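Visitor: no FASTA, just this:
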């Protein structure tokens, strides 16, 4: 597990932009080499043979993908990865934050089909049934049911046992430090990355309490650079360019499901007795539904505030270290709790990726390979 503060951004490998000179410019410079340099090259061997002097074929640049945070909108990451695969583009390293860590971890473990099947099978009723209300005092939801589903995909697998390079981002409680998780139990690290403060319970790893990484790095481009990616493709779920500078309306669309399931609003909900003894159904309605006067529940208010802050943070981070290719899915009409709309979200992810394929292909064709793995040069945490 690694921690990098903002000042450590200097370790990140520089971005590779489109070269401004023609592809054969480097060949021209070699042809202009001084006679002395040619003399040195001939002295090194008695006689040049065609097989020995032939230059090795260039290695394909290392592709990294940064999967951003965005709650239910993260199901669109599945569509992005599926569409890239159909065009023969298979990222070598994956970095994810929050829901991006969930999808990215399953992809790195060759379990993308498993998470896709799970997402497409979610209905409003199933989403509500997975809300295991916690009375621990540190989170509204215990997260046990989600943990069990995640364990089915990558249970017991460490980062080293995954099929692709993978890292996820979390935030340390108290200090606010950005934590890059790259070692140990992958499932536990992913749970830390999506542990939204106040909603899910924080996760303790190596003596440190961690929660959602979207508070510090919603779209982890810098992590992909550190993993040695020559080209970074970023998927931003929050920054809908058409609504930049505004707060996206996120109506809680599971409200009708709460009504159909009989989770009715508690009468006299402002009294102390009703708050204490309203039952689990009343508690779920109060937390995730709306009051009679239209005021949002606790969870809705927290998610809305978190969404607003995340949008500002992501724009700031992406301005400091922009990706080579940005995929902006048009998700303004999808709520953060719309986990039951996986079919629609996956199609949106596919469409957004399809529009970006020509740009990605250009970068692959023009970007040289460096293979500089900054992450390997970092010092891991110790107890």
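Guide: Perfect, thanks for sending it. Please read all numbers here as calculations on a predicted model, not as lab measurements.
Visitor: what ranges do the helices span in the stretch 201-350 of the chain?
Guide: Using DSSP state H, counting those that start in this stretch, the helices found in the stretch 201-350 of the chain span residues 221-226, 255-260, 272-277, 279-288, 298-320, 342-366.
Visitor: lowest-confidence stretch among those helices?
Guide: In terms of average pLDDT, helix 272-277 trails the rest of the helices of the stretch 201-350 of the chain, at a mean of 42.
Visitor: So, low pLDDT: which residues of this protein?
Guide: By pLDDT under 70, the low-scoring segments of the chain are 1-58, 132-147, 150, 153, 155, 239-294, 296-297, 299-300, 370-383.
Visitor: Show me the longest strand that occurs in it.
Guide: Criterion DSSP state E: the longest strand present in the chain is strand 165-172.
Visitor: Name the residues of the next helix or strand after that one that are buried.
Guide: Scanning forward in sequence from strand 165-172 by DSSP states H and E, the next helix or strand is strand 178-181. Judged by neighbour count (16 or more other CB atoms under 10 Å), strand 178-181 contains these buried residues: 178, 179, 180, 181. C-beta coordinates here come from the backbone N, C-alpha and C atoms, glycine included.
Visitor: List just the nearest of those residues to residue 321.
Guide: Of all those, residue 321 sits closest to residue 178, with 12.9 Å by CB to CB.
Visitor: Return the residues in contact with residue 157.
Guide: Neighbour list for residue 157: 109, 185, 186, 187 [criterion: CB atoms under 8 Å, 6 or more residues apart in numbering].
Visitor: one more time with 6 Å
Guide: Counting by CB atoms under 6 Å, 6 or more residues apart in numbering, residue 157 touches residue 186.
Visitor: Please enumerate residues in contact with the host helix or strand of residue 192?
Guide: According to DSSP H and E, residue 192 maps onto helix 186-193. Contact with helix 186-193 is made by 98, 101-102, 105, 147, 150-151, 154, 157, 159, 168, 170, 181, 203, 205, 210, 213, as judged by CB under 6 Å, 6+ apart.
Visitor: Inside strands: which ones of those?
Guide: Of those, the ones assigned to strands by DSSP E are 168, 170, 181, 203, 205, 210.
Visitor: what are the phi and psi values for residue 66?
Guide: Per-residue torsions, residue 66: phi -110, psi 110 (degrees, to the nearest 10).
Visitor: Distance check, it against residue 212.
Guide: Residue 66 sits 16 Å away from residue 212, going by CB to CB, to the nearest Å.
Visitor: what about those two, which has more around it?
Guide: Between residue 66 and residue 212, counted using other CB atoms under 10 Å, the more crowded position is residue 66 (33 against 27).
Visitor: The more buried one is in contact with residue 222, isn't it?
Guide: No. Using CB atoms under 6 Å, residue 66 makes no contact with residue 222, being 8.5 Å away.
Visitor: show me what contacts residue 231?
Guide: Shown in contact with residue 231 (CB under 6 Å, 6+ apart): 61, 63, 324, 363, 367.
Visitor: is it in a bridge, and if so with what?
Guide: Beta-bridge partners for residue 231, by DSSP bridges, are residue 63.
Visitor: Could you report the distance from it to residue 342?
Guide: Counting by CB to CB, the separation of residue 231 from residue 342 is 28 Å.
Visitor: and what of residue 91?
Guide: 21 Å.
Visitor: Looking at the two, which one has more neighbours?
Guide: Between residue 91 and residue 342, residue 91 has the larger neighbour count (other CB under 10 Å), namely 26 against 23.
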